[in-house]
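>>> Output the structure for:
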Amino acid sequence: MSWFFILLLLISLISQNTKLPPEGAYVATTLTYLFGIFLFITNGERSISAKRWSFVLISAFTVVVFLNTLVYPSTFNSTRLVVLITFTLLNFYLISSVINLSQFLYAVSRVGALLTVIGVLPLIGFPTQIGFIDISLWGFFSDLNIPIITSVFVNPNQLGFFMFVGTVGALREQSISDSRFSTVILGTNALGLMLSHYRGGWTALLAALGLWYVYHLFGRKSLILITISGITTIAVGLSLLFGIIPGPQILTEISLNGRRELWIASIHALQNNLLAGQGLAGTAEIVGNPHNSYLRMFASFGIIGGLIYTFLVVGVTIESTREAISIEALLLTTLLMGMLLIQIFNQLSFVGISMRSTIIAIFMGYHMSK
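Here you go, the predicted structure:
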């Protein structure tokens with residue numbers, strides 16, 4: 001039944017990003033979670049556990065979001081609060097009790113390979129529209145004439161995120177069996193990531209591979225050190241880009257593909273109300289898409305909410321390195337690090353019912369619920 005649940009979960013999450021009416025996709029997702037709860041209840045051997053420090057942080061974050069909703073009452077903000085205390089908590093603490101990490105990675109790598117095959121079908125003249133499924137190409141890489149595929153998704157970034165997870169999942173199997181089939185699955189997922197042109201996913205995969213090889217060449221202590229050093233370097237680099245730390249003037253002029261203005265607008269939104277922020281709806285109205293989940297949380301929930309969110313994401317990633325004593329635990333660290341990086345350039349967060357928010361929360365949950 002666990003495999004059936006995984007299949008239903010992935011299908012329902014993917015359907016949110018197709019041309020299927022969103023109401024139908026969200027109903028399917030809700031029914032899938034109810035089935036997951038049923039599996040948990042009917043199996044007396046399953047139990048839920050939580051690391052105390054992370055549970056304290058997520059509880060504090062929930063309180064901040066609740067108070068923020070009282071300050072900025074709206075349907076949008078109230079809906080996000082409900083999602084946080086239902087779907088997000090289920091992702092953190094229930095999914096890992098019903099599906100083990102190896103099963104999830106196995107399933108995602110297979111589905112990812114299938115999505116890649118579907119994505120390249122238009123190149124051989126296959127019809128691009130079948131019902132609510134549209135597999136049209138997004139376009140081509142500049143002058144290289146390399147296609148940008150979307151598979152069943154409405155946007156290649158959604159495909160790219162899924163393919164990043166699928167590639168890491170396939171890496172697990174290939175490292176264990178080293179069979180021709182596992183190599184094909186790995187290569188197909190990597191091809192899908194490349195053809196999605198999702199640069200956030202490319203960056204995440206490079207970081208994941210870097211941690212993978214550091215661990216195998218130098219051991220777990222080096223993995224811990226390089227993870228902390230990497231996160232620190234990112235923080236310092238961003239501080240240099242915005243002049244928080246004095247540095248070369250040229251760094252403060254980098255546009256970050258148009259994100260600089262959005263990030264500055266997010267900072268200004270926070271400065272206008274350091275304690276309460278602007279609420280999620282207010283941030284969306286003032287900034288639009290901040291293209292940075294951390295700044296979005298600061299702008300929405302104030303300095304306290306932003307710090308709690310950041311500490312939770314960074315803390316889970318760093319602490320996971322201390323428990324990287326198996327292939328699965330190592331891959332979990334690489335995934336968490338990749339998603340930490342992706343959130344720097346996207347407004348994705350672990351709060352939400354969307355595919356990407358759900359997957360981020362699920363992988364955080366695999367560590368938080370140990």
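
>>> Would you map the helices across the stretch 151-300 of the chain?
Using DSSP state H, counting those that start in this stretch, the helices of the stretch 151-300 of the chain run over 156-177, 180-196, 199-218, 220-241, 259-271, 279-286, 293-322.

>>> could you give me the average pLDDT of the fourth one?
Across helix 220-241, the average pLDDT comes to 90.

>>> Buried residues of it, list them for me.
Residues 220, 223-224, 226-227, 230-231, 238, 240-241 are the ones in helix 220-241 that count as buried (16 or more other CB atoms under 10 Å). For every residue, glycine as well, the C-beta is placed using N, CA and C.

>>> What is the nearest of those residues to Glu173?
Closest approach between the buried residues of helix 220-241 and Glu173, by CB to CB: Leu223, at 20.9 Å.

>>> My understanding was that that closest one contacts Ser320; is that so?
No. If you go by CB atoms under 8 Å, Leu223 and Ser320 don't touch, sitting 9.8 Å apart.

>>> Tell me which of the helices of the stretch 151-300 of the chain sits most buried.
Ranked by average neighbour count under the criterion mean count of other CB atoms under 10 Å, the helices of the stretch 151-300 of the chain are headed by helix 156-177 at a mean of 24.

>>> who are the neighbours in contact with Gln103?
2-3, 6 (CB atoms under 8 Å, 6 or more residues apart in numbering).

>>> For it, give me phi and psi.
Main-chain dihedrals, Gln103, degrees, to the nearest 10: phi -60, psi -40.

>>> ok so, going back, overlap in contacts of Leu223 and Ser320?
With CB under 8 Å, 6+ apart, Leu223 and Ser320 have common neighbours Thr333.

>>> Look at stretch 350-357 and report the distance between its end residues.
Separation of the first and last residues of stretch 350-357 by CA to CA, to the nearest Å is 5 Å.

>>> Also stretch 12-27?
With CA to CA as the measure, stretch 12-27 spans 9 Å from end to end.

>>> Buried residues, that stretch. List them.
For stretch 12-27, using 16+ other CB under 10 Å, the buried residues are 12-18, 20, 25.

>>> Off-centre distance for that stretch?
How far stretch 12-27 lies from its chain's middle: 18 Å, per CA atoms, centre = their mean, to the nearest Å.

>>> List the contacts of that stretch.
28-29, 31-32, 111, 115, 132-134, 152-155, 158, 162, 353-355, 358-359.

>>> hang on, isn't Gly352 packed against Ile359?
No. Using CB under 8 Å, Gly352 is not in contact with Ile359; the gap is 10.4 Å.

>>> the more surrounded of the two?
Ile359 (24 against 19; other CB atoms under 10 Å).

>>> what about the more buried one, distance to Val313?
Distance of Ile359 to Val313, given as CB to CB, to the nearest Å: 14 Å.

>>> With Gly243 instead?
From Gly243 to Val313 the distance is 24 Å (CB to CB).

>>> just for the stretch 51-200 of the chain, where's the confidence low?
Residue ranges of the stretch 51-200 of the chain with pLDDT under 70: 143.

>>> Mind doing that once more with 50?
The stretch 51-200 of the chain contains no residues with pLDDT under 50.

>>> what ranges do the strands span in it?
129-130, 133-134, 139-141, 146-148 (DSSP state E, counting those that start in this stretch).

>>> these two touch, right, Ile304 and Leu275?
Yes. Assessed by CB under 8 Å, Ile304 is found in contact with Leu275 at 7.3 Å.

>>> so which strand or helix has Ile325?
Using DSSP states H and E, Ile325 sits within no helix or strand.

>>> list residues touching both of Gly352 and Ile359?
Shared contacts of Gly352 and Ile359, counting by CB under 8 Å, 6+ apart, come down to nothing at all.
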